[in-house]
Every structure is written in structure tokens, then in C-alpha cells.
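> One predicted model, sequence on top.
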Amino acid sequence: MALDGTLDELKARIAHLEIELSQRNKVIQDLNRRVQESNDSSQPTPEINEIEETLRRLMTRIGMIVQGTKCLLMVHDPETNDLIAERPALGLDESNLDGLRIATTDGLSGHVFTSGAPAIMYDAVTDEFGSKEIFSQIGVRNGVCVPLIVEKRDEETNKVIDRKTIGVLHVFNQRFGGVFTDEDVALLERMSRNAAAVINTATTFRRVVEEKRELEEQINALSIGLVMIGKNERVSQMNASARQILGIALDESLHNRPMDTVVTNEDVVKLLRTAITSDIEVTDEISISEPGAPENMHTFQVQSAAVNNESGERLGTVAIFNDITAIKNVDKMKTAFVSTVSHELRTPMTSIKGFVSTLLMDEDGTMFDHTDRMEFYGIIDKECDRLRRLIDDLLNVSRIEAGASMQLVFDTVDIPEVLKKTITIENGSTYKRETHTISFESDPDVPQIIDADPDKFEQILHNLIGNALKYSPDGGAVKVKASMVPGNEFVQFAISDQGLGMSPEFLKKFGEKFARADNRDTRSINGTGIGVFLVRNFVEGHGGTMWPDSEGIGKGTTITFTMPVKQTGDFAANLSSRVAG
């Protein structure tokens, strides 16, 4: 009779377990479905807390069925090959789980994981495997351990086609001082399948969430704008650069909002809509005003690509916004540069051709006296020098852009001597007016000698003093001031004029290739925009820096640059490597 009672009790428990298993399977299937949806679409994923709560309820149920007071999950970490304690735990202080791990070759946990067979631990202190773990330290007397096995079945035949052990499940301390039996093992093995399925789902979910987080961080870090739109024309992703381009606050929630309520630029909306409905990639150039400064227009190259899931189903489109404003501006400047250079080359060539032709007309030498001839020769000589300087500048820019080596040859340079020579030459410049004055002042602590490339140093001074004269057509004082930078390692040179000045916008472009101030007063002044570019690179090649200052149009300009007193570093072993591009 007692045996019949035990059998009836076991049958009742098994029937109850079948119902429990059916319910848990439904929960697991629902979680798996939602994780799969999170992989295949941009829909929000279930919170990890929801999965953990399902696992917590399952652990509680397991403890009740096998009469255990404590339950612990140990999940395999493939990277370290350790078994790591996993939340939730039943009857244990979860704060003690942090750092709780054991190698798969050690203890009861490792034995069950490696063998794939369950085991009963009758005494945590004396058990062959259990004594090697910290069970006694967390109040464990006895226990049972089963492997957590995930099975993959064929959809048609329902046969197991793959089996993987992902961890172990412990149940400790049977109630009322009892011990676990083989019947408890059988019940626990059945329940562990559900636990394994939930843990596998949670692991997959965490991996999806982590990969999604990493992808979002990478997308957000892109310097180009990136926008992802679902096939329902709702926003699924927009990185920080795209938000800045389109004038959208970084903290504004955009997920799943209609595209046309987020993007206000009609050209962008039109392109995105075309990309969503089209099977081909769409590429176009779109002008977008700068947020907060509508007068500043930026040109973006926008390219789209289809976003499909693994089965090839269209999910939406992704578009990248690449700011090509600078490239466009360089193209415009190059076009203007070619036109300007053509003019600059034609002017001296015209003078040379004219005076040579005039001299050739005097076949018998009676048309012009010696004074006239010398004047003509002088003009031809100056125009040849002008032509040579222009060609040298062009060649230097070409070398820099091609990455060719431009070696600086350092020697001792006498600052007062070079400045005196430069000022004497510039006093004879065609841009020098009677109302111009050129002066040089040096602080007492400025050394007379510095280490520099004499030719390049002289070219720097010629260009900057020449520009000061050129861009002050109404005359005025041009002052050169030398002083020491705090620390006494650099000499600072400041060339100031009382001329046309610079706008705040041009100050930002100063020293760029082909950059020239574009206003009514400067358009009539000849120049290519490459002289200052070369000067800046020569200064940087020496290890110095250069910058402009101006209070605005019509208020003069001061160009300041620094040069090291001693060349202690190999600043200019290859100047092109510092400035190319």
C-alpha cells in the first residue's frame, strides 16, 4: 500500500510537470520568436529583465518540485572555458555570485559539464568532486547537478540533429534534511531542458543587444552622416553626424517616427523616398544649409543602399551623407587659379615680347639711345624675374602635392642682414607707393643669428612684406617687429600693414591652397593664392607656426610667424610629408 501511494504521488508530480513544461515551452517559444524578430527588423526587443524574470520563476518552480532550498546556474564561457555563476539564483545571496567561476576540468560542476551525465552529491564536504568547490562556504550540505543541454530538432521529423551543453544546474539542500534520489534527478533533467532553452535565449538576446549597441556606437562615431529608414518610411537609425547635418537635437527621440516629420529638407525626403521604392542605389548631390546659419550652404554627396534580411526581404534603406563642400570649393578655387595663373603668366610675357620686338625693330641701332636700351633691358630683366618666381611657386606646389621631397638646407642666418636686404628689394617693388614706409624693429633680447634655410627664410619675408605692400594700395606703414617667445626658444616675427584687412571668414582659410580674399578691393590685385600657402609650409618645415590677425575689412592685417633659434629636431627632413594634401 505504501508503494502504491508513492507511485501515485510520483505520477501526480509527473502530470504536474508535464503541464508546467507545456507552459514554459510556450513562454520560451514566444521569447525565441521575439528575439528572432529583433534580429530581422528594427522593432524594439524585449527587455532582458523579462527573460530573467521567466528564468527566476522557473528556478523557483524547480526548487519546489525537487524540494531543494537553493538553486544555482553555472553557464559555460567559451572564451575562458570556465563555468560562471549566472543570475538568477534561488536561496543564495546574488551579490556573492560575482566572480564565482570554476574551470570545466574541476569540481562537480566541471565533471557534470564534461561528462554530460547528472550526479548526486550526498555530502558537500566529503564528496570527491563537490569538495573542490566552495559549496560548504555558501551553506550547501548536499545537492544534485544536471547538465544544461540545448537540442536542435529537425522541423519535419522532430529528430534531434544537434546537441550542445551550455552549463549545469545545481539544486542544493533538500528540505527536512533529506537527500536527493534518482527520481529527483529524472525530474530535474526534464526541467533543465526548459532552463537551458531560456538561458540559450537569454544568451542570444544579450549577444544581439551587445552587437546592436556596438554597431550603434560605431555608427554614431562616423564622421559622415548615416540615416536608416524602414520600408514603412519610418526612421530606424540616425547617427550624430546626420542629426547635426539635418539640424536635429542629439537627445530627440526619432525611432519609428515618420520620415517626413523628422527630415524637413524636401530634397533629402525625395531622395530617401526614391531609394526606398527603387531597387537601385541612388546617388545625388544635395545642398543643405548649416543649422543656425542658413546663409552657409554645404554640399553633400548622398548615396543609398538597400537593407535586406537574410532571406533577401527588403527591410528599408540606408543613406550616407558625405560633406564635399571643401572639395567643391577647392575645385572652384582651382578653376579660378588656372584663370589667374594664365593672366599672371601672360602679363610678363606680353611685356617681354613687346620690348624684345621693339628692340628688334631697331636693326641699325639708331632708333634708341643707350639709356633707352638699358631701360628696356631693365624692364625685361624684372619681368623675367617675375616670371621665374611664378614658375618656381608653381613647381613648389606641384612637388608638395606630388609628395616629392623638398629638403631644407639649414645654415646660420643673420636676421638684421636678411631683413635689410629684403626691405631694400621691396622698396623697389612695383607695389611700393610713395606713401608707403617699411620699418624693422627688434627687441634687445632677440638673437642676431638663428638656424634656418637662408633661401626659404628670405622667401618668407619677401612674400609677407610684398603682400603687405600689395594689399595696402593707398600706402601706409608696413612694420616688421621681431621679439622673443616666452621660453626663449623661438623668435616671433610680426608683419603689419594699414591696408585692406581680412574678413573673419577669410581668416579661417588663410594659408590654404589657392585661397584668395574675394571682395571688391582685392579683385583688381594680381595674385595666385599660392605664395602664402608655400610660406606657411616653409615656416612649418622649420618647426614654426604662422597665423593672421585682422579686425576686419579696411582695418589692416598682421601676419605673425615663429622660427626656432636652434634646429634641435629634424623638422624638415622631408617637408612634403608634413604638408602634402
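Yes, it's here. Numbers count the residues shown, from 1 in each chain.

> mind listing the helices for the stretch 51-200 of the chain?
For the stretch 51-200 of the chain, applying DSSP state H, counting those that start in this stretch gives helices covering 107-115, 182-221.

> could you redo those as a markdown table and give each row mean pLDDT, mean neighbour count and distance to M228?
To be clear about C-beta, it is placed using only N, CA and C from the backbone, and glycine gets the same treatment. What follows is these, written out as a markdown table (pLDDT from 0 to 100; neighbours: other Cβ atoms under 10 Å; distance: least, Cβ to Cβ, whole Å):
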| stretch | mean pLDDT | mean neighbour count | distance to M228 |
| --- | --- | --- | --- |
| helix 107-115 | 93 | 22 | 41 |
| helix 182-221 | 83 | 17 | 9 |
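
> now those in JSON lines, with distance to G365?
Converted to JSON lines, the helices of the stretch 51-200 of the chain look like this (distance: least, Cβ to Cβ, whole Å):
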{"stretch": "helix 107-115", "distance to G365": "111"}
{"stretch": "helix 182-221", "distance to G365": "77"}
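
> Nearest approach to D474 belongs to which of these?
Nearest to D474 among the helices of the stretch 51-200 of the chain is helix 182-221 (51.6 Å), distances taken as Cβ to Cβ.

> what helices or strands is the helix or strand following the closest one leaning on?
Counting by DSSP states H and E, the next helix or strand C-terminal to helix 182-221 is strand 225-230. Judged by 3 or more Cβ pairs under 8 Å, 6 or more residues apart in numbering; DSSP states H and E, strand 225-230 is in contact with strand 235-238, helix 240-246, helix 266-277, strand 314-323.

> Paired strands for the shortest one, with orientation please.
Using DSSP bridges, strand 235-238 pairs in its sheet with strand 225-230 (antiparallel).

> as a whole number, average confidence for the strand it pairs with?
Regarding strand 225-230, the rounded mean pLDDT is 89.

> Now for G178, how many residues are close by?
12 (other Cβ atoms under 10 Å).

> sorry, back to before: tell me which of the helices and strands packed on strand 225-230 sits most buried.
Of the helices and strands packed on strand 225-230, the one with the most neighbours on average (mean count of other Cβ atoms under 10 Å) is strand 235-238, at a mean of 22.

> residue contacts, the residue nearest to V66 when sequence neighbours are not counted?
For V66, ignoring the flanking residues on the chain, the nearest one in space by Cβ to Cβ, 6 or more residues apart in numbering is D184 at 4.6 Å. For D184, the contact set (Cβ atoms under 8 Å, 6 or more residues apart in numbering) comprises 66-67, 144, 171, 174.

> Out of those, give me the two with the largest separation.
Largest pairwise distance in those, by Cβ to Cβ, is 10.7 Å, between Q67 and V144.

> Looking at those two, which has the bigger crowd around it?
Legend: neighbour count by other Cβ under 10 Å for Q67 and V144, higher for V144 (27 against 14).

> In contact with that one, which residues?
For V144, the contacting residues are 66, 68, 118-121, 170-171, 180, 184-185, 188, by Cβ under 8 Å, 6+ apart.

> domain assignment for this structure?
As recorded under automatic domain parsing, the domains making up the chain are 11-216, 223-323, 328-390, 411-579.

> For stretch 488-504, buried residues please.
Buried residues in stretch 488-504, counted by 16 or more other Cβ atoms under 10 Å: 490-502.

> Show me which of the residues you listed is closest to S287.
Comparing those against S287 with Cβ to Cβ places M502 closest, at 26.4 Å.

> if we can go back for a sec, keep only those of the contacts of V144 that are in strands.
Cross-referencing the contacts of V144 against strands under DSSP state E gives 68, 119-121, 170-171.

> Can you redo the contacts of D184 as CSV, where the extra columns are distance to E86 and pLDDT?
Formatted as CSV, the contacts of D184 follow (distance: Cβ to Cβ, whole Å; pLDDT from 0 to 100):
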residue, distance to E86, pLDDT
V66, 19, 89
Q67, 23, 90
V144, 18, 94
V171, 15, 93
Q174, 22, 91
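
> returning to what we had before: quick check: helices, which of the buried residues of stretch 488-504 are part of them?
Using DSSP state H, no member of the buried residues of stretch 488-504 sits in helices.
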